[in-house]
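1. pasted the sequence and its predicted model underneath.
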Amino acid sequence: MGNIVKERKSRPVNLDLKTIRFPITAIASILHRISGVITFVSIAILLWLLSLSLSSPDGFQSAAAILDTFFVKLVLWGILTALAYHIVGGIRHLIQDLGYFEELESGAKSAQVSFVIAGVLAVLAGVLVW
Ligand code: HEM
C-alpha cells in the first residue's frame, strides 16, 4: 500500500483588488447593468417631472425652475448618458445574440466601438441639456 500524497495545487491567487484588471468586455457588461438600473430608477424621476409640468401653468414654471439648476442638469445629463450607453450596449447584445462579435477579439473591439459611440452620444446629450 503506497502512501497517498496530497499535493497542494499552487493556483494563482490574487486578493489585491487594486491590481485586478477587468477585460474591456467585462467592463462593458457591468456598465450595461448599471446603466439599466439607472435608466429604471430615472423613469420615476422623469415621470414625476412630466406630471408636475403638465399639472398647471404654475406646475410647468416649477418644473422649468427645477431643471434650471446646474446640479439637476448634471443629473439629467447622467440619465441621458446612461440611457445612451444602455441602448448602444443593448444593440451590441442583440447583435451578439445573432451570433456576431462572440470571439474574444471581435467582442473586445465591439465593446470599444460601443464606448466611442456612447461617448459621442454623451457629448450630444450635454449639448441638448446645456
Ligand atoms: C426604459 C428603458 C430601459 C430600462 C429601464 C432597461 C433596464 C434594463 C435592465 C435593468 C437590464 C438588466 C441588466 C442586467 O441584469 O445585466 C436590462 C438588460 C437589457 N437591456 Fe435594457 N432597459 C431599457 C431599455 C433598453 C433598450 C431601449 C434596449 C435596446 C437596445 C435594451 C436592451 C437590453 C438588453 C439586450 C439587455 C440584456 C443584456 C444581457 O443579456 O446581459 N434595453 N435592461
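-> That came through fine.

2. tell me the pLDDT of L15.
-> Per-residue pLDDT puts L15 at 78.

3. and the gap between it and the ligand?
-> 26 Å (C-beta to the nearest ligand atom, to the nearest Å). The C-beta positions use only the backbone N, C-alpha and C, and glycine is treated the same way.

4. please apply the same query to R33.
-> In terms of C-beta to the nearest ligand atom, R33 sits 4 Å off from the ligand.

5. could you number the chain from 36 rather than 1 from now on?
-> In the new numbering, first residue 36, that becomes R68.

6. count of neighbours near that residue?
-> Using other C-beta atoms under 10 Å, R68 has 11 other residues around it.

7. need phi/psi at the closest residue to I152 other than its chain neighbours.
-> Sequence neighbours aside, V123 is the residue nearest to I152 in space, at 5.0 Å (criterion: C-beta to C-beta, 6 or more residues apart in numbering). The phi/psi pair for V123 (degrees, to the nearest 10) reads phi -60, psi -50.
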